[in-house]
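Novice: Pasted the sequence and its predicted model underneath.
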Amino acid sequence: QLQASGGGLVQAGGSLRLPCVSFGFTLDYHAFGWFRQAPGKEREWVACINMNGDETTYTNSVKGRFTVSRDNAKSTVYLQMNSLRPEDTAIYSCAAATATACLKSHRAYDYWGQGTQVTVSS
């Protein structure tokens, strides 16, 4: 299982860090992704990190503002979000794939965590 947390209410321009903790399986053999879903919109891929942790990819709207990282020893993947904007408001979820490469399609992921709400006020 995966558990994402760290969401909350923040003003535009602020920062949040979302940890995603894995329970019951090791991070070492999985790639991870972050997705978000805003009210009335479809789920959107946000970022991913490969199994080795040396490749990260981001959707264009968060490039330069968000950073995904992993700490296998702590069984945790992080999404650092800076310079937040109201359009970043969504429920953010983490997911794990039994794969080596960074993946963008939600269909590629095997495990999903319960999301955490991020609300950015203007």
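Specialist: Nice, thanks for sending it over.
Novice: How much space separates Ala47 from Gly24?
Specialist: Using Cβ to Cβ, to the nearest Å, Ala47 is found at 23 Å from Gly24. C-beta: built from backbone N, CA, C; applies to glycine.
Novice: ok, now Gly14?
Specialist: Between Gly14 and Gly24 the distance, using Cβ to Cβ, works out to 33 Å.
Novice: The two - which one has more neighbours?
Specialist: Ranked by neighbour count (other Cβ atoms under 10 Å), Gly14 and Gly24 place Gly14 first, with 15 against 8.
Novice: Spit out the contact partners of the more buried one.
Specialist: The neighbourhood of Gly14, defined by Cβ atoms under 8 Å, 6 or more residues apart in numbering, consists of Leu84, Val120.
Novice: At the geometric centre of this protein, which residue sits there?
Specialist: Per Cα atoms, centre = their mean, the C-alpha nearest to the average position across the chain is that of Trp34, at 2.7 Å.
Novice: tell me which strands and helices the helix or strand harbouring that residue is in contact with?
Specialist: Secondary structure assignment for Trp34, by DSSP states H and E: strand 31-37. Helices and strands touching strand 31-37, by 3 or more Cβ pairs under 8 Å, 6 or more residues apart in numbering; DSSP states H and E, are strand 16-22, strand 44-49, strand 66-71, strand 90-97.
Novice: if we look at the longest one, which residues are touching it?
Specialist: When you say that, I think you mean strand 90-97. Outside of strand 90-97, the residues within contact range by Cβ under 8 Å, 6+ apart are 2, 4, 7, 18, 20, 22, 25, 27, 30-38, 41, 44, 46, 77, 79, 103, 106, 108-118.
Novice: Check stretch 36-49 too.
Specialist: Identification of contacts with stretch 36-49 by Cβ under 8 Å, 6+ apart yields 31-35, 55-59, 62, 66, 68-70, 77, 79, 87-93, 102-106, 115, 118.
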